[in-house]
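build me a model:
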Amino acid sequence: MLAARATDIDVFQLDVVWSGILAAHLIDLTPFAGDALREHLPATLVGAKARGRLVALPWYADVGVLYYRKDLLGKYDAPVPQTWQQLADTARRIQSGERGTDARLWGLVFQGRAYEGLTCNALEWIASRGGGTIVAADGKPEADNAAARSALREAATWINDISPPGVLNYAEEEARALFQSGHAVFMRNWPYAWALANAQDSPVRGRVGIAALPVGDGTGQHVGTLGGGQLSVSRYSPRAATAASLVVYLTSAAEQKRRALAGGYNPTIARLYTDPEVLAANPFFAMLQPLIEHAVARPSGSVGTRYNQLSAKIWGAAHRALTHQQSADAALQELQRDLERLRRVGRW
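This next block holds a predicted model:
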């Protein structure tokens with residue numbers, strides 16, 4: 001529709017990685033946003049900008065987090081793991097101890113299918129070890145480095161050890177299904193799974209905790225991949241100014257508070273994370289703000305329209321390493337070459 005310059009739709013909802021792809025078709029919202037920009041968490045504005053323009057306004061935020069079974073960690077007197085190695089050790093110990101009563105229990109589930117979710121997971125593994133963001137802010141590929149190699153090597157050891165072989169075909173819902181049914185100790189997922197895991201009919205209701213994802217080796221940092229939704233205005237809209245005013249309203253503090261109360265959407269407005277009503281409805285929001293503030297953004301802004309191709313290369317390399325089709329080192333070397341070639345052709 002955008003390529004055809006259709007005037008049918010004025011406002012588009014975008015995933016955070018779409019703004020760079022669609023930037024040429026979207027108006028600059030800077031003149032309409034005014035002081036409202038100061039209210040948004042800075043990390044949520046990163047994906048809203050492309051080619052030096054504000055082509056979207058943040059509507060809700062998302063970030064990768066770690067879910068864990070509070071009851072099982074308590075039973076084994078295990079703290080919430082702070083490093084990936086601690087997570088693997090704890091998962092292995094609990095899994096081994098519980099297999100006598102639950103032969104289907106696994107230590108860790110995540111999104112291991114060859115799709116965008118694996119790009120998010122791989123980015124977390126790498127960035128949490130100080131290995132960069134696969135493509136630097138200046139567009140230079142940085143996939144092949146010691147930290148990235150260490151990250152993929154370690155993740156590959158989880159398969160059929162603490163993670164089921166089927167995780168290689170898991171997206172968000174497959175991971176949640178296993179965890180929520182009580183058959184996993186840890187899960188990497190997005191905040192949406194919290195309400196479902198604690199629903200009235202959930203087998204693990206009241207037994208789930210949520211925390212920051214682990215760091216690499218004690219020298220990295222806790223990071224989750226940034227996700228979420230944004231609103232943009234088509235440059236072909238005959239009502240662009242009116243549409244922009246609607247976007248400003250829908251992304252305002254008042255509307256984001258309503259959505260947080262009614263639907264549990266994570267705000268992008270900083271002060272809502274200390275709002276008593278919001279916290280009463282969503283207690284775990286208190287720990288989400290720092291995670292969103294330090295979230296790692298996928299390199300969509302650096303590569304523009306080439307992002308889909310870039311991400312396919314990333315998840316492909318990660319999947320080959322996890323399935324042992326290639327060593328982690330070989331997969332990252334190939335990824336580095338592919339990205340350098342793609343950069344030359346795409347001129348990002």
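
buried ones in stretch 270-289, by neighbour count?
By 16 or more other CB atoms under 10 Å, the buried positions in stretch 270-289 come out as 270, 272-273, 275, 278, 282, 284-285, 288-289. Backbone N, C-alpha and C define where each C-beta goes, glycine included.

tell me, how many residues neighbour Leu108?
For Leu108, the count of nearby residues is 27 (other CB atoms under 10 Å).

next one: it from Pro81, what distance?
10 Å (CB to CB, to the nearest Å).

list residues touching both of these two?
Jointly contacting Leu108 and Pro81 under the rule CB atoms under 8 Å, 6 or more residues apart in numbering are 87, 186.

farthest pair within the buried residues of stretch 270-289?
Ala270 and Phe284 (16.8 Å; CB to CB).

contacts only, for Asp15.
Asp15 touches 227-230, counting by CB under 8 Å, 6+ apart.

just grab the bridge partners of it for me.
Gly229 (DSSP bridges).

which stretches of this protein have low pLDDT?
For the chain, the stretches with pLDDT under 70 are 218-219.

what segments of it are strands?
Here the chain has its strands, by DSSP state E, at 11-15, 49-50, 53-54, 57-63, 65-69, 106-109, 184-189, 208-211, 226-233.

could you list the buried residues of the first one?
Residues 11-12, 14-15 are the ones in strand 11-15 that count as buried (16+ other CB under 10 Å).

right, so of the strands of the chain, which gets closest to Thr30?
Comparing the strands of the chain under CB to CB, the one sitting nearest is strand 53-54, at 4.6 Å.

mind giving me the packing neighbours of the closest one?
Taking 3 or more CB pairs under 8 Å, 6 or more residues apart in numbering; DSSP states H and E as contact, the helices and strands that strand 53-54 lies on are helix 30-33.

show me what the most centrally placed residue in the chain is bridged to.
The chain has Thr225 as the residue nearest its centroid, 3.4 Å off, counting by CA atoms, centre = their mean. Going by DSSP bridges, Thr225 is paired in beta bridges with Val296.

Val65 is in contact with that one, correct?
No. At 10.2 Å, Thr225 does not count as touching Val65 under the criterion of CB atoms under 8 Å.

in TSV: the strands of the chain, plus distance to Ser311.
Compiled in TSV, those are given as follows (distance: least, CB to CB, whole Å):
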stretch	distance to Ser311
strand 11-15	11
strand 49-50	16
strand 53-54	22
strand 57-63	16
strand 65-69	21
strand 106-109	22
strand 184-189	18
strand 208-211	26
strand 226-233	13
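
buried sites along the lengthiest helix in the chain?
Criterion DSSP state H: the longest helix present in the chain is helix 328-346. Buried residues in helix 328-346, counted by 16+ other CB under 10 Å: 328-329, 331-336, 338-339, 342-343, 346.

quick one: contacts for the closest residue to Phe12 other than its chain neighbours?
What sits nearest to Phe12 in space, not counting adjacent residues and going by CB to CB, 6 or more residues apart in numbering, is Ser232, at 5.0 Å. Applying CB under 8 Å, 6+ apart to Ser232 gives the contacts 11-12, 14, 19, 22, 26-27, 29, 55-57, 247.

which of these lies closest to Leu73?
After measuring the contacts of Ser232 against Leu73 - CB to CB - the closest member comes out as Leu14, at 37.8 Å.

mind giving me the domain ranges of the chain?
Using automatic domain parsing, the domain parsing of the chain gives 11-62+226-298, 65-211.
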